[in-house]
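Engineer: using only what follows, build the 3D model:
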Amino acid sequence: MPQINDHIHTVQYYETDKMGVTHHSNYIRWMEEARVSFLEQTGWDYSRLEDMGLVSPVVSLNCEYKHPTKFADKVSVHVEIEELRSVTIRFSYTMKDQDGNTVFTGTSLHAFFDAEGKPLKIRKEHPDLYATLSSLVRNVPE
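Structural biologist: Below is the predicted model:
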């Protein structure tokens with residue numbers, strides 16, 4: 001099983017609003033940054049998946065904002081695979097500021113499709129990818 005490091009994001013000035021806090025839309029971008037980093041660390045980065053003809057668009061998002069962040073804050077983003085099925089994957093995210101406060105929790109659900117937009121069963125079509133991802137699942141459904 002690969003060692004997965006948390007993604008660290010430094011809040012940029014342009015990510016804050018007139019009140020001086022991070023605008024809520026940026027947390028979704030950080031989810032993507034962290035997910036891209038997570039998959040890269042597993043050896044299955046987005047470029048490799050796309051070269052295989054595999055795409056995984058976001059199907060749904062769930063976000064809970066717990067504590068505000070501000071310019072120059074360091075935010076660590078911990079990513080886990082919460083659930084893996086043959087045609088979908090759900091990632092969970094926990095973001096903490098440099099003081100250890102949880103600032104955000106969320107999930108993103110993605111579907112697997114081939115280049116023509118047809119659902120793809122990765123367990124069958126890409127067993128090596130499925131094996132790697134399933135070894136990282138927090139809860140494996142039966």
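Engineer: going by C-alpha atoms from here, please, whenever you check contacts or count neighbours.
Structural biologist: Fine.
Engineer: if I look at the most centrally placed residue in the chain, how far off is K96?
Structural biologist: Nearest to the mean C-alpha position of the chain, by Cα atoms, centre = their mean, lies R35 at 3.1 Å. Separation of R35 from K96 (Cα to Cα, to the nearest Å): 16 Å.
Engineer: related to what we said a few turns ago, with only the CA atoms kept, save the helix or strand where the residue nearest to the centre of the chain lies in CSV.
Structural biologist: Following DSSP states H and E, one finds R35 within helix 25-42. Extracted as CSV, the C-alpha positions of helix 25-42 are listed here (Å, rounded to 0.1, in the frame of the first residue of the first chain):
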residue,chain,number,x,y,z
SER,A,25,-15.9,28.1,-3.5
ASN,A,26,-12.2,27.7,-3.0
TYR,A,27,-12.6,24.7,-0.7
ILE,A,28,-13.9,22.7,-3.7
ARG,A,29,-10.8,23.6,-5.7
TRP,A,30,-8.7,22.4,-2.8
MET,A,31,-10.6,19.1,-2.8
GLU,A,32,-9.5,18.7,-6.4
GLU,A,33,-5.9,19.7,-5.7
ALA,A,34,-5.7,17.1,-2.9
ARG,A,35,-7.5,14.4,-5.0
VAL,A,36,-5.1,14.9,-7.8
SER,A,37,-2.1,14.7,-5.4
PHE,A,38,-3.7,11.6,-3.8
LEU,A,39,-4.0,9.7,-7.1
GLU,A,40,-0.5,10.8,-8.2
GLN,A,41,0.9,9.3,-5.0
THR,A,42,-0.9,6.0,-5.7
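Engineer: contacts for that helix?
Structural biologist: Judged by Cα atoms under 8 Å, 6 or more residues apart in numbering, the contacts made with helix 25-42 from elsewhere in the structure are 2-7, 9, 15, 45-46, 77-79, 91, 93, 104, 132.
Engineer: what residues of it count as buried?
Structural biologist: Using 16 or more other Cα atoms under 10 Å as the test for burial, helix 25-42 gives 27-28, 30-31, 34-35, 37-39, 42.
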